[in-house]
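Undergrad: predicted model and sequence follow; I will ask about them next.
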Amino acid sequence: METSKIIRHALNFAIKRVQTELALNLPSVSKLFKIAFPLVLGGLILWWMYRDFDWNGLWDALNDGMNWTWMWLSMPFGVLAQVLRAARWRQALEPLDERPRLSSCVHAVFLSYASSLVVPRVGEVLRCGVLKKYDGTSFTKSLGTVVTERMVDSLLMLLLAALTVLLQVKVFMVFFAETGVSFEELAGRFSAAGYWVTAACLLVVLVFLAVLAKRLAWFNHTRNLLRNVVDGVLSLRNVRHVPIYIMYSFGIWASYFLHFYLTFYCFSYTSGLGITAALIAFVVGTFAVLVPTPNGAGPWHFAVKTILVLYGVCESDAVVFVLIVHTLQTLLVILLGLYAAGALAFTRRRCLAGGEDGTE
């Protein structure tokens, strides 16, 4: 089976599976909007940033202005982060009596990141569909473990962000000022009464949703679905070898950081900034990726560029840095996705030929 067909079948499987489980029939307009909006948003931000860009400077940097050795050295850490994520995911599934092959988990993670370049966040659903298709893993249970790992990643990211802010409070205050965020103005918009009204409204909404859910015909189906998801979330309580799980979690983020930090040594204007500047740029860039654009394209460029400028890098050099680094790291994600699609095609043929699940 051709690589393109594998990707298309995997995407179709994931979408159909979600619609079946949740009994959703999304209008075609809604689907089109979900695909087009992130692309348009990212494209507009990039156009605004590079509308007056001198492209000759980019070619000069690629040919003579960067040390490619450091770029190549950074790439294995991008691969390692995804492999560790797959290993951690497999470990979280074990308490649920789900034991997919490590190779299937790795390929599913590779493919999920690549697919998210087309439709942001779809990869989290897609990789659960891949395990269901190739290893018979429960879709809802694996989706629950994905929710779990997102919670763990969010906690680690918040801890890292808090540490970084404490190290460089002044830099963050300048960054927020540059991006038009005023904490004093935001705080002034709320009063004590406003907080109580907001809390009361949220409570009313929750009660209304609870009553409505019990009256709907598909409540039992949804309850069973949510129970499987909750089981996946709570699987962390029973995970074996917790120190290894923690090691995987820290290893993932250490790999992500090194994947980014080593690129600083590719350019003369960033090589002397130091690890603290790289850490701040990494944290800000990671939060920028939460904006639903393909691989954070646009928001990531703007956020990291702003931090580099705050540390004294010329703006023209900063935009070259973010463009080159983001583009090459995105190409790595694409290559890993293509490799995974081909590997899954081979795995399927091997399973059909042998009549078994195959080997690692």
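TA: Yep, it's here.

Undergrad: can you count the residues close to Leu344?
TA: Applying other CB atoms under 10 Å, we find 25 residues neighbouring Leu344. The way it works is simple: take the backbone N, C-alpha and C, and place the C-beta from them, glycine included.

Undergrad: touching, it and Arg127? I think so.
TA: No. Leu344 lies out of contact with Arg127 (CB atoms under 8 Å); the separation is 11.2 Å.

Undergrad: how far does stretch 112-128 stretch from start to finish?
TA: Across its full length, stretch 112-128 reaches 9 Å end to end, with CA to CA, to the nearest Å as the criterion.

Undergrad: that older thread, intersection of neighbour lists for Leu344 and Arg127?
TA: Taking CB atoms under 8 Å, 6 or more residues apart in numbering as the criterion, Leu344 and Arg127 both touch Leu111.

Undergrad: and Gly180, what pLDDT?
TA: If you check Gly180, the pLDDT there is 56.

Undergrad: over to the one 5 residues further on?
TA: Reading off the per-residue confidence, Glu185 sits at a pLDDT of 54.

Undergrad: my read: Val152 touches Ser249, true?
TA: Yes. Look at Val152 against Ser249 with CB under 8 Å: they come within range, at 5.6 Å.

Undergrad: any chance you could map the helices in the stretch 1-150 of the chain?
TA: Taking DSSP state H, counting those that start in this stretch as the test, the helices found in the stretch 1-150 of the chain are 3-22, 28-50, 55-63, 68-93, 102-115, 122-135, 139-167.

Undergrad: buried ones in the last one, by neighbour count?
TA: It refers to helix 139-167. Within helix 139-167, the residues scored as buried using 16 or more other CB atoms under 10 Å are 139-146, 148-149, 152-153, 157, 160-161, 164.

Undergrad: hang on, isn't Gly57 packed against Ser316?
TA: Yes. Between Gly57 and Ser316 there is a contact at 6.4 Å, judged by CB under 8 Å.

Undergrad: ok, so what distance separates Ser263 from Thr148?
TA: Heads up, residue 263 is Thr, not Ser. Between Thr263 and Thr148 the computed distance is 31 Å (CB to CB, to the nearest Å).

Undergrad: typo on my end, Ile252
TA: According to CB to CB, Ile252 and Thr148 sit 14 Å apart.

Undergrad: remind me what the host helix or strand of Val284 packs against, helices and strands.
TA: Assigning secondary structure by DSSP states H and E places Val284 in helix 275-288. Judged by 3 or more CB pairs under 8 Å, 6 or more residues apart in numbering; DSSP states H and E, the packing partners of helix 275-288 are helix 139-167, helix 169-178, helix 242-261, helix 299-310.

Undergrad: adding distance to Leu41, write the ones you listed out as a markdown table.
TA: Listed next are the helices and strands packed on helix 275-288 as a markdown table, based on distance: least, CB to CB, whole Å:
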| stretch | distance to Leu41 |
| --- | --- |
| helix 139-167 | 22 |
| helix 169-178 | 20 |
| helix 242-261 | 23 |
| helix 299-310 | 8 |
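
Undergrad: ranked by average pLDDT, which of these falls at the bottom?
TA: When I compare those, helix 169-178 is least confident, with a mean of 65.

Undergrad: tell me the mean pLDDT over stretch 79-87?
TA: Averaged over stretch 79-87, pLDDT sits at 96.

Undergrad: only alpha carbons, please: show it as CSV.
TA: Presented in CSV, the C-alpha positions along stretch 79-87 are these (Å, rounded to 0.1, in the frame of the first residue of the first chain):
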residue,chain,number,x,y,z
VAL,A,79,13.6,12.0,17.3
LEU,A,80,14.4,11.0,20.9
ALA,A,81,11.6,13.1,22.3
GLN,A,82,9.0,11.3,20.2
VAL,A,83,10.4,7.9,21.0
LEU,A,84,10.4,8.5,24.7
ARG,A,85,6.8,9.8,24.4
ALA,A,86,5.9,6.5,22.7
ALA,A,87,7.6,4.4,25.4
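
Undergrad: show me the biggest helix of this protein in terms of residues.
TA: Counting by DSSP state H, the longest helix found in the chain is helix 315-354.
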